[in-house]
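# build the 3D model from these lines:
(one chain, ligands or ions: 1)
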Amino acid sequence: MQALKNRTWILRRRPEGDLRNDDLELVDAPMPTPGEGELLVRNIYLMIAPTNRVWMSDIDQYMAPVGLGEPMRGMTMGVVVESGNPAFRAGDVVEGPMAWQEYSIVRHARRVPLQHGLPLHAYASVLGSSGLTAYFGMTDIARPRAGETVVVSAAAGGVGSIASQIAKLHGCRVVGIAGGERKSRYVLDELRLDACVDYKQGNVLEALRAACPQGIDVDFENVGGEVMDAVLALINVGARLALCGMISTYNATGDWWSPRMFRNVIMKRARIEGFLIADYLPRFDEGVAQLAEWVKAGEIRYEVDIVDGIERAPEGLNRLFAGANVGKQLVRVAPEPSL
Ligand SMILES: NC(=O)c1ccc[n+]([C@@H]2O[C@H](COP(=O)([O-])OP(=O)(O)OC[C@H]3O[C@@H](n4cnc5c(N)ncnc54)[C@H](OP(=O)(O)O)[C@@H]3O)[C@@H](O)[C@H]2O)c1
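Numbers count the residues shown, from 1 in each chain. All right, here's what the predicted structure looks like:
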């Protein structure tokens, strides 16, 4: 009988600029066996995120970069196949930082709270780390008030699409920034935001000025660079800027565009704060419960963008940098189990 293999992506080289095909290699690793206290997890979804690209670089960041020759780290969701840990049973659905591979061995994983009656891909998107990033970033860091103008960049993406709808639920005028006609339509028609600036159409500052006649009170920043510079130029006194991500800089080599209008943080007595979703782990259940309620009431809409097959994981990541995805980018490695 042929031994079962576990296809795994290995980081072979630190990418310079855009991720290239040979920066990673898909290898047939031996099927792992769980030891005492360990779980064998069959991965269903790789939750692809821009930070995966950051983890490939040897730069100052919030956790150690992936080592060369090591499996590519990724947030995954899967089903426990075998458990050497009495706290888990075969069939449990878990998620956590595992790897871009078909099967993972871990000592700890978060049990996915499936009691809300939504499909598994909802737990990998709007009720997963991207929805939770939107929820805590908007409610805890940005704290919008009714009547304020809120701007969300990468508004058609996994985090931005949820963050912008949460600001609408707070009674704000919400302006999304997104690239291209298809995404602008999605932001206006599906997410029901008040305006959308297509930053690929030319002068983003002037388009944003027109969309925000009362100035900007809150910025939920996902992009950085030129887009954030335009926001900074338009902030009101007392503005809050929640720094969620700066995707425009993650692939950059050499010098990149830093906001030139940073002095406005002083002129407008603004508050600017970065945050990481991992710090909110103790409050995840609270966030999931609220997001599930909004989704079930039809007050928050979500989209998943799924590519199939472990062999397409690098393509999945590149889609984020090319702006190809609408909603949360997932790579499906195995079929969803029926819940
Ligand atoms: N702080 C945290 O804990 C945390 C957690 C999760 C994610 N994040 C951050 O949140 C942001 C969004 O992540 P996500 O997973 O939801 O990704 P996403 O928004 O679904 O995908 C990324 C989007 O960014 C836009 N983009 C890519 N390159 C760009 C560029 N050079 N200039 C302008 N826009 C660009 C593209 O949309 P367009 O087609 O509209 O350009 C793309 O679809 C990222 O910055 C990520 O690092 C932070």
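# which one is residue 318 nearest to, not counting chain neighbours?
The shortest distance from residue 318 to any non-neighbouring residue, by CB to CB, 6 or more residues apart in numbering, is to residue 19 (5.8 Å). For the C-beta atoms, the positions are set from N, CA and C on the backbone; glycine is no exception.
# correction: residue 168
Closest residue to residue 168 apart from its sequence neighbours, by CB to CB, 6+ apart: residue 174 at 5.1 Å.
# ditto for residue 303
Nearest non-adjacent residue to residue 303, counting by CB to CB, 6+ apart: residue 327, 2.8 Å away.
# the closest residue to the ligand within the stretch 51-200 of the chain and residue 81, how far apart?
Proximity of the stretch 51-200 of the chain to the ligand (CB to the nearest ligand atom) peaks at residue 157, 1.8 Å away. Distance, residue 157 to residue 81, using CB to CB, to the nearest Å: 32 Å.
# check which helices and strands the helix or strand containing residue 81 sits against.
With secondary structure defined by DSSP states H and E, residue 81 is part of strand 73-83. If contacts are counted by 3 or more CB pairs under 8 Å, 6 or more residues apart in numbering; DSSP states H and E, strand 73-83 sits against strand 39-47, helix 51-55, strand 93-99, strand 103-106.
# summarise which helices and strands the shortest one is packed against.
In terms of contacts (3+ CB pairs under 8 Å, 6+ apart), strand 103-106 is packed against strand 39-47, strand 73-83, strand 93-99.
# angle of the second one against strand 93-99?
This points to strand 73-83. The directions of strand 73-83 and strand 93-99 differ by 130 degrees, with axes from the mean of the first three to the mean of the last three CA atoms, to 10 degrees as the criterion.
# so strand 73-83 versus strand 39-47, what angle?
Going by the same axes, to 10 degrees, strand 73-83 makes 140 degrees with strand 39-47.
# ok, and for strand 73-83, which residues are buried?
73, 74, 75, 76, 77, 78, 79, 80, 82, 83 (16 or more other CB atoms under 10 Å).
# that strand: how far from the chain's middle?
On the basis of CA atoms, centre = their mean, to the nearest Å, strand 73-83 sits 19 Å off its chain's mean C-alpha point.
# and the spatially most central residue of the chain, what does it touch?
Nearest residue to the geometric centre of the chain (CA atoms, centre = their mean): residue 130, 4.3 Å. Residues near residue 130 by CB atoms under 8 Å, 6 or more residues apart in numbering: 47, 49, 158, 159, 162, 328.
# hey, where'd the helices end up in the stretch 201-339 of the chain?
Remark: helices assigned in the stretch 201-339 of the chain by DSSP state H, counting those that start in this stretch are 204-211, 225-234, 247-250, 264-267, 284-296, 313-322.
# near the ligand, which residues of the stretch 51-200 of the chain are found?
Contact residues, the stretch 51-200 of the chain versus the ligand (CB under 6 Å from any ligand atom): 51, 130, 133, 154, 156-160, 178-180, 183.
# list buried residues within those residues.
Buried among those by 16+ other CB under 10 Å: 51, 130, 133, 154, 156, 157, 158, 159, 160, 178, 179, 183.
# and stretch 62-70, which residues are buried?
Neighbour counts over stretch 62-70 (16+ other CB under 10 Å) mark 65, 66 as buried.
# what's the end-to-end length of that stretch?
For stretch 62-70, the first-to-last residue distance is 18 Å (CA to CA, to the nearest Å).
# cool, stretch 29-42 as well?
14 Å.
# where does the stretch 1-150 of the chain have low pLDDT?
Within the stretch 1-150 of the chain, the ranges that satisfy pLDDT under 70 run 1-3.
# now with 80?
1-4 (pLDDT under 80).
# setting aside sequence neighbours, what's the nearest residue to the residue of the stretch 201-339 of the chain found nearest the ligand?
Distances from the stretch 201-339 of the chain to the ligand, computed as CB to the nearest ligand atom, single out residue 245 as the nearest residue at 1.9 Å. In space, residue 245 comes closest to residue 222 once its chain neighbours are excluded; the distance is 4.8 Å by CB to CB, 6+ apart.
# the one you found touches residue 154, doesn't it?
Yes. If you go by CB atoms under 8 Å, residue 222 and residue 154 touch, sitting 3.9 Å apart.
# residues shared between the contacts of these two?
Common neighbours of residue 222 and residue 154 (CB under 8 Å, 6+ apart) are 160, 245, 247.
# need those residues in TSV (columns: pLDDT).
Shown next, in TSV, are the shared contacts of residue 222 and residue 154 (pLDDT from 0 to 100):
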residue	pLDDT
160	99
245	98
247	97
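# of these, which is the nearest to residue 26?
Nearest to residue 26, judged by CB to CB, of those is residue 247 at 24.9 Å.
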